[in-house]
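In: no sequence on this one, just coordinates:
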């Protein structure tokens, strides 16, 4: 539980909303509520609703709801005692565990997809275009603890903003929420990384055809990046993501570097990637090194890893590992034959000058050959037992639209009760949607059913009352436009 | 065969017909001087389109590849200043959306829907055979010519089924800037999961168009898109509204006091076949939906032979040329034509 203060504000809030909804009479708290609603709506550039008029509707709706005698309605089944019981802190904990819809700007928050050193990656749904997205969440507190954390993130953002390629992860949007000290980077949605796929694959390797398909895409992306004077410096299976369409996306530009327009060459001075994928020049402690060849080496290790399920260099600890990399001696399993063997040897040459460049790799016979057909293909592994990777936002939407909804309390992504003073975007949005829908239903004269009609017209009060069924007509079994199949 | 040249000066814009592409393109009534014929001239302002400009390319490329009597052809395309101009035959009745907006608020006559549907399915079976999924089947993308021929347009949201020379079993790409089309899209397309979708997704949209043409507005209209999504994914199936589908209360009355459903809707009755075709198209399971070719064999289309032509069924709506003729004998009389558009006779959504 989040502590005393929180539960107190929450219980206060519940009492407030309760009294206003239950006892119909006090108009002031309602108007207050409405005023807040109004200001939020104008924030969101939604169609402004006259607060006074709206208040009237709510009050009269309160009466209306009372009059719905004999209706199969949850409103009737609740008594005050039961209600106050819900203020119990156990109950609150129980509630926070439920999938409560949360909106950041126009994006609906979904489940966790992954966690990096910088923060969480979650799924999101653009509520306007309904396009799935991923969001990288940075917390200021956490960033401060990481050396150069904030600068790195800003660098990553400014880099991502400029990059636009089929095989490079695209930054869709960025949201800064100063009150929460959080930064949200909204990115293209991906279903998983090569790393996750490798871990699920037999022998932790991919069939040649699949590896070939991904490797050529990696080359496309690298070619673009290097052409844009960007060195990634952290190419590894974990940073190569796949979309639903199995398009490979190079991601995580946390340690990437963009050269100055007038830089003489690609000389870099800092390398902070993953140890196992770092080239000998780093392992040997060179002060400066050619950047593009760094990515070539890492790509070589990646290809080696994807094809064999092993690493060319290993070590019990980072010192041993770097020692081995620094020597540059490695063996390729005998089952790897030319021309792939030749390609790997070329990409993993110790001397960066001798190491293949992108053009040489492009023209290499393994890259240009049609890969041998294989009888199996490693599928994208399931996420939390869901092999189809369905929208994780969906349960939140279901809860929001069809379950009893709590007291308009917002929750932050850890499930704690958020400050009630915060703008509750979704409530207002959906209230607006609900009223719009009411109008539309009436205008369309769709609803011939008395019961359905009444629940439709009273849906706005439900949003403010204790038992929330935001758009009730949808759950009513006889919603006339639709039949459940 | 008239040669529609790619010189802007050969076209004289007479009046504006409407806007499309979320207001970022205009459709104009224009006269082609050399042939003295009326055409529709659509102008995309590429500066305003920014990222979506690639969709215009796509639309032109795909439309130019398709040749079918029920697909709106592009007669000429050219660049004029910051604008890309597309010349197409004048579709005198405008889009089906216009017909609904201006004359048939409660839906087109059933027989008219069947004729439009046949033309649409004809075009769609061709599009699918050619390896494209349209992904934006909606009434505003179906235009009706003065002869009563329905034509499909709006190919900027289409996607190829053939990728890298292979016919894909499933497609996963989510159409970009498709906000306006969301209500028509199939649940499996909207779900964006690993199952993906195929050309049957268009058939679902056809079902939505039937409802749109029959009811006057598309199902889920005015609803928030997230609610629309949950409804579709949960298997909510929209229907044509008539006396058989509008629920009644105990007294057998269709509407309750304040919500007065127009008697026209309450008392009308669509044929069993129409309901059946709609339900087939809107099946939640894509594999249970018939293909466009299969749908065309449905008995409902046999009634067309006996029915009146579409132009008669669409009365009192008049094609543009008739309206022009009624108002002014002289096409060159710019003033009267301008008055026309001011009178909102043709203020509509020419979204093609």
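Out: Perfect, I can see it now. Keep in mind the model is a prediction, meaning the values are calculated, not measured.
In: from here on, just use CA atoms for contacts and neighbour counts.
Out: Noted.
In: look at whichever residue of the stretch 1-150 of chain A sits closest to chain B and tell me its secondary structure.
Out: For the stretch 1-150 of chain A and chain B, the shortest gap (CA to the nearest CA) falls at residue A:129, measuring 5.1 Å. For residue A:129, the assignment made with DSSP: H, G, I helix; E, B strand; the rest coil gives coil.
In: verify the stated contact: it with residue B:178.
Out: Yes: Residue A:129 is in contact with residue B:178 according to CA atoms under 8 Å; the separation is 6.7 Å.
In: can you confirm residue B:290 is in a strand?
Out: No: counting by three-state DSSP, residue B:290 is not part of a strand but coil.
In: go ahead and confirm it touches residue B:280.
Out: Yes: Residue B:290 is in contact with residue B:280 according to CA under 8 Å; the separation is 6.9 Å.
In: so is residue B:13 in a helix, a strand, or just coil?
Out: Three-state call for residue B:13 (three-state DSSP): strand.
In: who touches it in this structure?
Out: B:28, B:29, B:30, B:31, B:41 (CA atoms under 8 Å, 6 or more residues apart in numbering or on different chains).
In: ok, and the closest non-adjacent residue to the third one?
Out: For residue B:30, ignoring the flanking residues on the chain, the nearest one in space by CA to CA, 6 or more residues apart in numbering or on different chains is residue B:13 at 4.1 Å.
In: circling back to that earlier point, return the distance of the nearest residue to the residue of the stretch 1-150 of chain A closest to chain B once chain neighbours are set aside relative to residue A:140.
Out: Nearest residue to residue A:129, sequence neighbours excluded (CA to CA, 6+ apart): residue B:179, at 5.1 Å. Computed as CA to CA, to the nearest Å, the residue B:179 to residue A:140 distance reads 34 Å.
In: looking at these two, which is more packed in?
Out: Higher neighbour count among residue B:179 and residue A:140: residue A:140, with 17 against 14, using other CA atoms under 10 Å in any protein chain shown.
In: OK, contacts around the more buried one?
Out: Contacts for residue A:140 (CA under 8 Å, 6+ apart) come out as A:150, A:181, A:182, A:183.
In: cool, and residue B:295?
Out: Residue B:295 neighbours (CA under 8 Å, 6+ apart): B:121, B:277.
In: run the chain-centre distance for the one helix or strand it maps to.
Out: Using DSSP states H and E, residue B:295 maps to helix B:292-296. Relative to its chain's centre, helix B:292-296 lies at 18 Å (CA atoms, centre = their mean, to the nearest Å).
In: related to what we said a few turns ago, if we take the contacts of residue A:140, which one ends up nearest to chain B?
Out: Closest to chain B out of those is residue A:183 (24.2 Å), distances taken as CA to the nearest CA.
In: which of the three states applies to that closest one?
Out: Classified using three-state DSSP, residue A:183 is strand.
In: phi, psi for the residue nearest to residue A:129 please.
Out: The phi/psi pair for residue B:179 (degrees, to the nearest 10) reads phi -50, psi -40.
In: state the pLDDT value of it.
Out: Looking at residue B:179, its pLDDT reads 87.
In: what do you get for residue B:247?
Out: Note on residue B:247: pLDDT of 70.
In: what helices and strands are in contact with the strand or helix carrying residue A:360?
Out: When elements are assigned from DSSP H and E, residue A:360 belongs to helix A:358-362. Contacts defined by 3 or more CA pairs under 8 Å, 6 or more residues apart in numbering or on different chains; DSSP states H and E place helix A:358-362 against helix A:208-227.
In: how far does stretch B:59-68 sit from its chain's centre?
Out: Offset of stretch B:59-68 from its chain centre (CA atoms, centre = their mean): 16 Å.
In: for stretch B:139-159, same thing?
Out: With CA atoms, centre = their mean, you get 5 Å for stretch B:139-159.
In: that one: which residues count as buried?
Out: Going by neighbour count (16 or more other CA atoms under 10 Å in any protein chain shown), the buried part of stretch B:139-159 is B:139-146, B:148-159.
In: could you do stretch A:169-180 as well?
Out: Residues of stretch A:169-180 classed as buried: A:169, A:170, A:171 (neighbour count, 16+ other CA under 10 Å).
In: what about the helix or strand following the helix holding residue A:360 and chain B, touching?
Out: Sequence-wise, the next helix or strand downstream of helix A:358-362 (DSSP H and E) is helix A:365-368. No: using CA under 8 Å from any CA of the partner chain, helix A:365-368 stays clear of chain B, coming no nearer than 15.1 Å.
In: buried residues in helix A:365-368?
Out: For helix A:365-368, by 16+ other CA under 10 Å, it's A:366, A:367.
In: helices or strands up against it?
Out: Helices and strands in packing contact with helix A:365-368 are not found; criterion 3+ CA pairs under 8 Å, 6+ apart.
In: model confidence over it, on average?
Out: The average pLDDT within helix A:365-368 is 94.
In: quick one: mean pLDDT over stretch B:128-145.
Out: Across stretch B:128-145, the average pLDDT comes to 95.
In: then stretch B:194-212?
Out: Across stretch B:194-212, pLDDT averages out at 96.
In: residue A:391 is in contact with residue B:193, isn't it?
Out: Yes: here residue A:391 lies in contact with residue B:193, judged by CA under 8 Å, at a distance of 6.9 Å.
In: not counting its neighbours along the chain, what's nearest residue B:64?
Out: Among residues not flanking residue B:64 along the chain, residue B:74 sits closest, at 6.5 Å (CA to CA, 6+ apart).
In: surely the one you found meets residue B:88?
Out: Yes: counting by CA under 8 Å, residue B:74 touches residue B:88, with 4.8 Å between them.
In: for the helix ranked longest in chain B, buried residues please.
Out: Longest helix of chain B, by residue count under DSSP state H: helix B:110-129. Applying a neighbour-count criterion of 16+ other CA under 10 Å, one finds B:110-128 buried in helix B:110-129.
In: counting contacts, what elements does that helix pack onto?
Out: Where contact means 3+ CA pairs under 8 Å, 6+ apart, helix B:110-129 is packed against strand B:150-152, helix B:200-215, helix B:292-296, helix B:310-313.
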